[in-house]
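Undergrad: coords below, sequence missing:
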């Protein structure tokens, strides 16, 4: 782990962390985050594409994806919005070797929700799910907060290693302050 990366832990350890109760429900939910947000937002949900480009993963991401140091992955960064307000920053990493065959269409998702695709495919497998408290020194915190006007002392996130069409991809989901402030009408 580098100083720029968070300390990731399994769900069993999350119980002992100081996580706000409303946020714990989001972190520990093993269903589709996309579907839960659609319900949470009363249908006023959208995906805003921030960027999609080839980049080097963080060290812990490389290890989880079993990539060589210095190898690039396609990195897709999006914001998941409720009523126009960002609630989640998502960073998906897809190794070049995973963008072949049936999974090659992942290159062109644009503003389509990846979660809807993953959870609608019965062959998708979810394996390693980890959680982390993100501080201002962590890269994921910095990327997640880059479009926010007010800074928070910490954020919480989870990451999941998926196997889609037989190929690995990693999804980081960083929960932004608005997710706990949003009240259902």
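TA: Structure's in. What do you need? This structure is a prediction, so every number in the text was calculated from the model and none was measured. Numbering: from 1, shown residues only.
Undergrad: where exactly do the helices run in this protein?
TA: Counting by DSSP state H, the chain has these helices, from start to end: 11-14, 21-28, 33-40, 59-64, 114-120, 139-145, 178-181.
Undergrad: what packs against the third one?
TA: For helix 33-40, the elements it packs on are strand 45-55, strand 73-82, strand 85-95, helix 114-120, judged by 3 or more Cβ pairs under 8 Å, 6 or more residues apart in numbering; DSSP states H and E. The C-beta positions use only the backbone N, C-alpha and C, and glycine is treated the same way.
Undergrad: who touches the first one?
TA: Under the criterion Cβ atoms under 8 Å, 6 or more residues apart in numbering, residues 34, 37-38, 72-82, 84, 86, 110-113, 147 lie in contact with strand 45-55.
Undergrad: Filter those residues down to the buried ones and express that as a ChimeraX selection.
TA: Of the contacts of strand 45-55, the buried ones go into a single ChimeraX selection, burial set by 16 or more other Cβ atoms under 10 Å:
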select :34,37,38,73,74,75,76,77,78,79,80,81,82,86,113
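Undergrad: Would you tell me which of the helices of the chain gets closest to residue 169?
TA: Each of those was checked against residue 169 via Cβ to Cβ, and the shortest separation belongs to helix 114-120, namely 8.5 Å.
Undergrad: model confidence over that closest one, on average?
TA: Regarding helix 114-120, the rounded mean pLDDT is 90.
Undergrad: buried residues in that helix?
TA: Within helix 114-120, the residues that qualify as buried are 114, 115, 118, 119, counting by 16+ other Cβ under 10 Å.
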